[in-house]
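Peer 1: Starting from these lines, generate the structure:
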Amino acid sequence: GQVDVSFPHMLDGEAVPIMNNKILAAGEQISANENSGLLTVSTIALEDIAGWREGRLIYDGVSIAEFLEDANRYSAIPISVAIDAEDILQMQISGVFRGHDVYEMLDTLSAVHNVRIDISGSTAIVLRLKETE
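Peer 2: A predicted model of the protein is given here:
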């Protein structure tokens, strides 16, 4: 089957009332952002789709920015990066995670990168760079 994806055209970061449409076939994906609108269509591994249906999130060298977008979808507590640690967003991660286990995702991130996870009760999770001695 196919699916028609629509997103407004963007002009200087603002949506204009003209829609940009792309038709996706099985095994294709597309992303969009507020600056550029719809981006390039790419292929996706069918095993990744199967994993997603089973609640697994599969990453192969994605940016921490993309990783955190997904983690925030599953987290009841907002996850952010400290202002003085925005370099974290450019780091990459690979792995298979259970989407419902955000703490496992963050623990793994902290184990493989120089990232400290600060949890402030039930109101915020902030990623910071670990201090070097």
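
Peer 1: what about residue 55, how many residues close to it?
Peer 2: 12 (other C-beta atoms under 10 Å). For the C-beta atoms, the positions are set from N, CA and C on the backbone; glycine is no exception.

Peer 1: Now residue 77: phi and psi?
Peer 2: As for residue 77, its main-chain torsions (degrees, to the nearest 10) stand at phi -110, psi 130.

Peer 1: For residue 93, see how far away it is.
Peer 2: 20 Å (C-beta to C-beta, to the nearest Å).

Peer 1: Look at these two and report which has more neighbours.
Peer 2: Per other C-beta under 10 Å, whichever of residue 77 and residue 93 has more neighbours is residue 93, with 19 against 13.

Peer 1: hang on, that one packs against residue 112?
Peer 2: Yes - with contact defined as C-beta atoms under 8 Å, residue 93 reaches residue 112; the gap is 6.8 Å.

Peer 1: Tell me which stretches of this protein form strands.
Peer 2: 2-11, 14-25, 28-29, 32-33, 37-38, 42-43, 56-63, 79-81, 92-98, 115-120, 124-129 (DSSP state E).

Peer 1: With distance to residue 105 and mean pLDDT added, can I get those strands in TSV?
Peer 2: TSV is the format used below for these (distance: least, C-beta to C-beta, whole Å; pLDDT from 0 to 100):
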stretch	distance to residue 105	mean pLDDT
strand 2-11	27	81
strand 14-25	27	80
strand 28-29	21	83
strand 32-33	22	74
strand 37-38	27	74
strand 42-43	23	82
strand 56-63	8	87
strand 79-81	9	95
strand 92-98	5	90
strand 115-120	10	92
strand 124-129	11	94
